[in-house]
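Participant: coords please:
(2 chains)
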Protein chains: 2
Amino acid sequence: MRTSIATVSLSGTLTEKLTAAARAGFDGVEIFENDLLASPLTPEEIRARCADLGLTIDLYQPMRDIEALPEERFADALRRARHKFALMRRLGADTVLVCSSVDPDAIDDDALAAGQLARLASLAAEHGIRVAYEALAWGRHISTYDHAWRVVEAAGHPALGTCLDSFHILSRGSDPKGIEDIPGEKIFFLQLADAPRLAMDVLQWSRHYRCFPGQGGFDIAGLVRHVLRTGYAGPLSLEVFNDVFRQAEAAPTAVDAQRSLRLLQEETGTAALPEPVVPTGVAFAELVTPDDRPVTALLGALGFTRVARHRGKPVDLWQQGEARVLVNTGPAERRDGTRLAAVGLTSPDPAGAARRAEALLAPVLPRRRAPGDAELEAVAAPDGTELFFCAAPGGDGPDWRADFAADTPAPEGPEACRIDHLALTQPWHHFDEAVLFHRGVLGLSPQAGVDVADPYGLLRSRAVAGEDGGVRIVLSVGAAPTDDTVHAQHLALATDDVVAAARRFRAAGGRLLPIPANYYDDLAARFDLPDGELETYRELGILYDRDAHGAFRHCYTLTVGRVFVELLQRDGGYRGYGAPNAPVRLAAQHAARGLTGG
Amino acid sequence: MRTSIATVSLSGTLTEKLTAAARAGFDGVEIFENDLLASPLTPEEIRARCADLGLTIDLYQPMRDIEALPEERFADALRRARHKFALMRRLGADTVLVCSSVDPDAIDDDALAAGQLARLASLAAEHGIRVAYEALAWGRHISTYDHAWRVVEAAGHPALGTCLDSFHILSRGSDPKGIEDIPGEKIFFLQLADAPRLAMDVLQWSRHYRCFPGQGGFDIAGLVRHVLRTGYAGPLSLEVFNDVFRQAEAAPTAVDAQRSLRLLQEETGTAALPEPVVPTGVAFAELVTPDDRPVTALLGALGFTRVARHRGKPVDLWQQGEARVLVNTGPAERRDGTRLAAVGLTSPDPAGAARRAEALLAPVLPRRRAPGDAELEAVAAPDGTELFFCAAPGGDGPDWRADFAADTPAPEGPEACRIDHLALTQPWHHFDEAVLFHRGVLGLSPQAGVDVADPYGLLRSRAVAGEDGGVRIVLSVGAAPTDDTVHAQHLALATDDVVAAARRFRAAGGRLLPIPANYYDDLAARFDLPDGELETYRELGILYDRDAHGAFRHCYTLTVGRVFVELLQRDGGYRGYGAPNAPVRLAAQHAARGLTGG
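Facilitator: Numbers count the residues shown, from 1 in each chain, chains lettered A, B, ... in the order given. Modelled structure (predicted):
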């Protein structure tokens, strides 16, 4: 199906919005009136710009407060409409959105509304224009889609149809099944927006919190299926009012928007995508650093050994048990401090995974490959993290380890570890996009979001994970832009004995994050722990949590650059990430700034 | 009355919170448990720190999910409580907050709840501690203050009382009059929080959107009056969960909080403040600039003449009609670009106005006065703008103009103007504070807030004005931190003939902000303007609005540094500020960046 987006969904000038929409692969746009008014381009220039970009103008919107008015007021509305129809001809737009009236003088009289809409449609038809009438969820007398359709049907004018908007329908709890009673050719337009399930005033909810399909709590696919059964053949168009998108750059927002529509089309069977290929494990995590000494000191104290060196690049492979970490000291342009720059995901079908990612607009990374290097598929996540799709050892596809020359064999220590999860701080504007990306592109399942209190602001956090727990990524974002260095990324290593692992780390010269004594007094109040256990936790700075399934023990190294390491032990099927301890950990990290890790 | 604040209301570490509360003049604090857990200080050290700062610990909070539990669970809760009471003794806190249970296992049995609370109170009494039981608005079985009080009364234990929280009471729409039925000595604590009127889920509303009294939509003073009639003698304590305050610096938030309580005490008659002295006009606006040429070129083109020079400082007085602008080219440390740095407010009692401002914690500005200079009273607004309280000509107090030596007399032009309003962009964290400051300290009345769409984000805007329109200040803030230079401040000059003023400005070499042609096509659709009028507006870039009272015409100069000038004409009692035109103006300003004003 054709895809379209309302210009109000994107940030910037009209020209910036159109360019972003075209580059993200949209077929058309809805021109939001205020964007046109604020543009220095004439309607003819906007038309030409859209044509150059390969965009059709699918809708001009909105016209408000037109129907069910006293006759004198309606005459004035028709005068306004005549101006707008002339403008639309200049623009080359043939459909106009009319929202149900919110005017306090509007009359509760469906026959009057139908009659006036028919007269408006007649005027529109003279200009070759169609009128798409939509029920606003807060319309004065007409606020449901079925009511709007009854009025359109009563008007009986060929140039008058209805516009359906998923937000207006689902936010009121209307049953979308009734959409199937509307003939498809009378559905002139379909606007889509999702929204988080907030119990709040619907007007505020609509104006500030809409999001793209798949990012909120509505069943948008279910609604679209009802619409498709009517024979609707118009575009799927996004109309999203969102305070965050208004501030974000238009280009990535448009990509996020188009990705959401591609996933929606896959879900509704209207377009195919390459099959999802869910990664089964973390092959490696890659740290990029301008100075490898603090990082290798940290890894060494954690029991890692350098087991191999890349044949052509300044990249070393460090390993401990099943956990593999690459330490990359080049190239120079990436030297902006130590950070978690890339993740290798073990994939049953690396090429298929890359095809799906590309079809879902993930930037394919240029392959900085020397002759003979393995042909790894890689894409960038919304936060810039590089994702490499790696064949399982012995599986199909090139083996990333073939690029490395063996160095020292990895000793199997008594506390062999594996990568339990990665925690990635997201750029402020791209949190919902990141969750949708990890779900849609990688096939990971988002878990419930949590708010975590940092001493200097609230963080939103949400984990995405594979079915078997082989891949877990925790995404988090501050309530507003924050200093990157404060909320670092981290690598969590699971062991079967976190106490032994912590002791070995300390004995090897590693420094653990100090946890306040008050935390342990509280732990004693909350849990009846066996004798001595609390004292061990207190000594090492180990945090404790318990859920219905089991227990969780974890501790943290100091931070190196933007990265720190968590050592953890999951017992009895504990499912979380120790969120109740996060405020104490975050406060301790603020307190420890200035201490050096390793 | 004593004032107190919950540490959760402020940002930072516990030490930072305590310091900020003490410096802002609070008598005590509520220690929020998570703040204690995250602190490296022992309870004894926290007690000593509070004593050093002159703060009492009025409450330890919260204990949760204690009452109406199955006996086995209650025994566990008592075990936890014993730990907490021991902690409170170390801390020197004698009152604990117990919130009504939200536990899914809690039993709907008031007698059970009362019995268990009495047992908890007995245990507390052994430690010299009192239990203040509060109904959470989302409590499982007990969610209203009167229900909580019935349970406390039934328990009949001297160490058990109730805690009232204005948010929990007013968010549910409970009638606070029933508070008067509670004996004052059984109200162990009073927590105050205001909130904007949002129709949203009460838990989310409470956790993210509370604000200080006077900043939201609740009648906090009315509730406090009911409490006072019971004979309550405890502190007025603020407990505010707010995402913005969590990120803001603690010190100004604490000042904002204390100011709100002082205003609340004035309103409820529990403490007196110096009487409000409402300014009657704008004596001058002061521009600070490192280079006076662009500014003086702009003023010159606007018909201003330099009429006087300060006797001891590099400050010139420019005048046109009743509008006076100071141009200040020093000192060097203030040379961070051209900005609107100070406002002179004509006051019927400058000394009284300054006394009130000081009592409400406005920083009194050091008087950089040469011998012989007028003794002007000045304070800083929350955004750093310097406010000078000036005597009316011929009124009591020193005349600020006495410091200036006359230069050229001001010509009375045919389009004499006056300062209509000042528009000041607020720092991100201090919007609600700014509104409360202008209302409480200056006695200006806040008008309804509006959201304005800028191409790169939404702005919140709210005007404050004197009764007679002599002083109008428009405060605005972005939805998140933005580039200061984008949202400049402005000075709006009213004239009786904006068309003539605009023409004269252009003839004198001034450049007006270009407005897109599409705006005028839309104006023709919306309003039936007399022949030729639209063409004049289009030619000059004049924007047009109309309300129930009259019409508004306005245009803008290009921006110099962070400042631009609006020329406007109010006809027939138009009351607004042309908000419907703001999106077009903001987009035009973005488009004009790089063009130079003057």
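
Participant: Pull the contacting residues for residue A:395.
Facilitator: Applying CB atoms under 8 Å, 6 or more residues apart in numbering or on different chains to residue A:395 gives the contacts residue A:348. Backbone N, C-alpha and C define where each C-beta goes, glycine included.

Participant: Let's test this: what are the backbone torsions at it?
Facilitator: Taking degrees, to the nearest 10, you get phi -90, psi -180 for the backbone angles of residue A:395.

Participant: how close does it get to chain B?
Facilitator: According to CB to the nearest CB, to the nearest Å, residue A:395 stands 45 Å off from chain B.

Participant: Count the neighbours of the closest residue in space to residue A:427 that isn't next to it in sequence for me.
Facilitator: Distance criterion CB to CB, 6 or more residues apart in numbering or on different chains; nearest residue to residue A:427, sequence neighbours excluded, is residue A:383 at 5.8 Å. Here the number of neighbours of residue A:383 (other CB atoms under 10 Å in any protein chain shown) works out to 17.

Participant: pLDDT-wise, which helix or strand of chain A ranks last?
Facilitator: helix A:202-209 (a mean of 78; mean pLDDT, DSSP states H and E).

Participant: next SSE after it?
Facilitator: helix A:220-229 (DSSP states H and E).

Participant: elements contacting that following helix?
Facilitator: helix A:166-171, strand A:187-192, helix A:250-267 (3 or more CB pairs under 8 Å, 6 or more residues apart in numbering or on different chains; DSSP states H and E).

Participant: Would you format these as JSON lines with distance to chain B included?
Facilitator: Output for these, formatted as JSON lines (distance: least, CB to the nearest CB, whole Å):
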{"stretch": "helix A:166-171", "distance to chain B": "13"}
{"stretch": "strand A:187-192", "distance to chain B": "19"}
{"stretch": "helix A:250-267", "distance to chain B": "10"}
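
Participant: Format the ones you listed as JSON lines; extra columns: mean neighbour count.
Facilitator: Output for the helices and strands packed on helix A:220-229, formatted as JSON lines (neighbours: other CB atoms under 10 Å in any protein chain shown):
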{"stretch": "helix A:166-171", "mean neighbour count": "25"}
{"stretch": "strand A:187-192", "mean neighbour count": "25"}
{"stretch": "helix A:250-267", "mean neighbour count": "23"}
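
Participant: For residue A:208, find the nearest of the ones you listed.
Facilitator: Evaluated with CB to CB, the helices and strands packed on helix A:220-229 place helix A:166-171 nearest to residue A:208, the distance being 12.0 Å.

Participant: Which residues are in contact with residue A:316?
Facilitator: For residue A:316, counting by CB under 8 Å, 6+ apart, the contacting residues are A:292, A:296, A:306, A:308, A:309, A:310, A:326, A:327, A:407.

Participant: C-terminal to the helix or strand the fourth one falls within, which secondary structure element comes first?
Facilitator: Assigning secondary structure by DSSP H and E places residue A:308 in strand A:305-310. Going down the chain from strand A:305-310, the next helix or strand is strand A:315-320, by DSSP H and E.

Participant: ok, the closest residue to residue A:158 other than its chain neighbours - contacts?
Facilitator: Spatial nearest neighbour of residue A:158, excluding adjacent residues (CB to CB, 6+ apart): residue A:125 at 7.4 Å. By CB under 8 Å, 6+ apart, the contact list for residue A:125 reads A:157, A:158, A:159.

Participant: so can I have JSON lines of these showing distance to residue A:502 and neighbour count?
Facilitator: Output for the contacts of residue A:125, formatted as JSON lines (distance: CB to CB, whole Å; neighbours: other CB atoms under 10 Å in any protein chain shown):
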{"residue": "A:157", "distance to residue A:502": "76", "neighbour count": "19"}
{"residue": "A:158", "distance to residue A:502": "76", "neighbour count": "11"}
{"residue": "A:159", "distance to residue A:502": "74", "neighbour count": "20"}
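
Participant: Closest one of the residues you listed to chain B?
Facilitator: residue A:159 (19.9 Å; CB to the nearest CB).

Participant: Kindly list the main-chain dihedrals of that closest one?
Facilitator: Dihedral angles for residue A:159 - degrees, to the nearest 10 - are phi -90, psi 10.

Participant: tilt between the helix or strand harbouring residue A:163 and helix A:202-209?
Facilitator: Using DSSP H and E, residue A:163 maps to strand A:160-165. Going by axes from the mean of the first three to the mean of the last three CA atoms, to 10 degrees, strand A:160-165 is angled at 70 degrees with respect to helix A:202-209.

Participant: Next, the angle strand A:187-192 makes with strand A:160-165.
Facilitator: 10 degrees.

Participant: Note down every partner strand of strand A:160-165 and its orientation.
Facilitator: Strands that pair with strand A:160-165, judged by DSSP bridges, come out as strand A:130-134 (parallel), strand A:187-192 (parallel).

Participant: How about residues contacting that strand?
Facilitator: A:97, A:117-118, A:120-121, A:130-134, A:145, A:148-149, A:152, A:179, A:182, A:185-193, A:227, A:239.

Participant: give me the low-pLDDT residue ranges for chain A?
Facilitator: A:331-336, A:367-370, A:412-414, A:479-487, A:594, A:596-598 (pLDDT under 70).

Participant: From the centroid of it, which residue is nearest?
Facilitator: The residue lying closest to the centre of chain A (CA atoms, centre = their mean) is residue A:433, at 1.7 Å.

Participant: does chain B sit close to the host helix or strand of residue A:459?
Facilitator: Assessed by DSSP H and E, residue A:459 sits inside strand A:457-465. Yes: using CB under 8 Å from any CB of the partner chain, strand A:457-465 reaches chain B at A:457, A:458.

Participant: Could you export stretch A:43-58 as CSV, keeping only the C-alpha atoms?
Facilitator: What follows is stretch A:43-58, C-alpha atoms only, in CSV (Å, rounded to 0.1, in the frame of the first residue of the first chain):
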residue,chain,number,x,y,z
PRO,A,43,1.7,26.7,-3.3
GLU,A,44,3.0,26.2,-6.8
GLU,A,45,6.6,25.9,-5.5
ILE,A,46,5.5,23.4,-2.8
ARG,A,47,3.7,21.4,-5.5
ALA,A,48,6.9,21.4,-7.7
ARG,A,49,9.1,20.5,-4.7
CYS,A,50,6.9,17.5,-3.9
ALA,A,51,6.9,16.4,-7.5
ASP,A,52,10.7,16.6,-7.6
LEU,A,53,10.9,14.5,-4.4
GLY,A,54,8.4,11.9,-5.8
LEU,A,55,5.8,12.8,-3.2
THR,A,56,2.1,13.1,-3.9
ILE,A,57,0.0,15.5,-1.8
ASP,A,58,-2.6,13.1,-0.5
